[in-house]
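>>> heads up, no residue letters with this:
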């Protein structure tokens, strides 16, 4: 029987808020991933990097301000750094969990470049929050220096950058080769390193790609059977936070698109997840997307919980 291929997009709660929390969080995450691996699935793991890439860039900026001979570190380089250190923590945690269960499994992290369109209108309208939460006063100082900031879901202000749509995953063949060789693959971290193709030369651009959009594209191009988007809630809801709130277990693409048109999903949180799930579910017959909690991933695939989106 042919193995099913599953792309798992990890949310921020699977990574923790700092390096110490991350090591604890990925140990829990690894248990869920290996549970799925034991069910005989080909697994590809993606992850976000919003807080981490912002912290890296802030650290680099502070270094530059202290040592004048250091040059500005481009955001794509910071994305690559975040892919490396998050990826190796995930890789080691998964390897240890496999070892603990007596499984001789292979795990690989691939630093991945994701091509975007240089003319994407997102570059004119930055919307992707990165880094730590800051005060209104800090945000105003940033704005005065040409750094765009916005209020983020009532939790404070954050720096925002462009978030163009992913068009092509440049390391796709490498990823597919590793899957075929039996590896659990960690890739497209933080949505991938954003690049544009200039005459065959890949050039990084100042942006952060939404990891759910990149995960949907990756799942499509790999011919995956399932896209699992892990988030902070067990199911998607309509009328969220209201008296008539309703949790949804099963959504057709058409129903999901109708709820999107009604404005049922918050732009900064659930909307991009539902949109990414819809794109994957309608990309080929039989494909299904699941949105749920990390702990509920296996139950969701078994149809016991989560929100499943399908054609």
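Received, thanks. What you see is a predicted model; the values in this text were computed from it and never measured.

>>> Poorly predicted segments of the stretch 151-300 of the chain, please.
Across the stretch 151-300 of the chain, the ranges flagged by pLDDT under 70 are 153.

>>> got the contact list for the residue most central in space within the chain?
For the chain, the residue nearest the mean C-alpha position is residue 211 (2.9 Å; Cα atoms, centre = their mean). The contact partners of residue 211, by Cβ atoms under 8 Å, 6 or more residues apart in numbering, come to 9, 46-49, 188-191. Just so you know, the C-beta spots here come from the backbone N, C-alpha and C atoms, and that holds for glycine as well.

>>> For the stretch 201-311 of the chain, just list every one of the strands.
Secondary structure of the stretch 201-311 of the chain (DSSP state E, counting those that start in this stretch): strands at 201-204, 226-231, 236-238, 246-248, 250-252, 288-293, 307-310.

>>> Please name every helix or strand in contact with the helix or strand hosting residue 97.
In this structure, residue 97 sits in helix 75-100 according to DSSP states H and E. Applying 3 or more Cβ pairs under 8 Å, 6 or more residues apart in numbering; DSSP states H and E, one finds that helix 75-100 contacts helix 19-37, strand 42-47, helix 50-66, strand 106-110, strand 183-187, strand 193-198, strand 201-204.

>>> how about a cut-off of 7 Å?
Packing contacts for helix 75-100, counted by 3 or more Cβ pairs under 7 Å, 6 or more residues apart in numbering; DSSP states H and E, involve helix 19-37, strand 42-47, helix 50-66, strand 106-110, strand 183-187, strand 193-198.

>>> so how far is it off the chain centroid?
The gap between where helix 75-100 is centred and where its chain is centred comes out at 14 Å by Cα atoms, centre = their mean, to the nearest Å.

>>> what comes up buried for it?
By neighbour count on 16 or more other Cβ atoms under 10 Å, the buried set for helix 75-100 is 75-76, 78-83, 86-87, 89-95, 97-98.

>>> isn't residue 37 right up against residue 184?
Yes. Counting by Cβ atoms under 7 Å, residue 37 touches residue 184, with 6.2 Å between them.

>>> Look at these two and report which has more neighbours.
residue 184 (27 against 21; other Cβ atoms under 10 Å).

>>> Who are the contact partners of the more buried one?
33, 37, 43, 45, 94, 105, 107 (Cβ atoms under 7 Å, 6 or more residues apart in numbering).

>>> and those, which two are the farthest apart?
45 and 105 (12.9 Å; Cβ to Cβ).

>>> Out of the two, name the residue with the larger neighbour count.
The neighbour count for residue 45 versus residue 105, taken as other Cβ under 10 Å, is higher for residue 45 (28 against 17).
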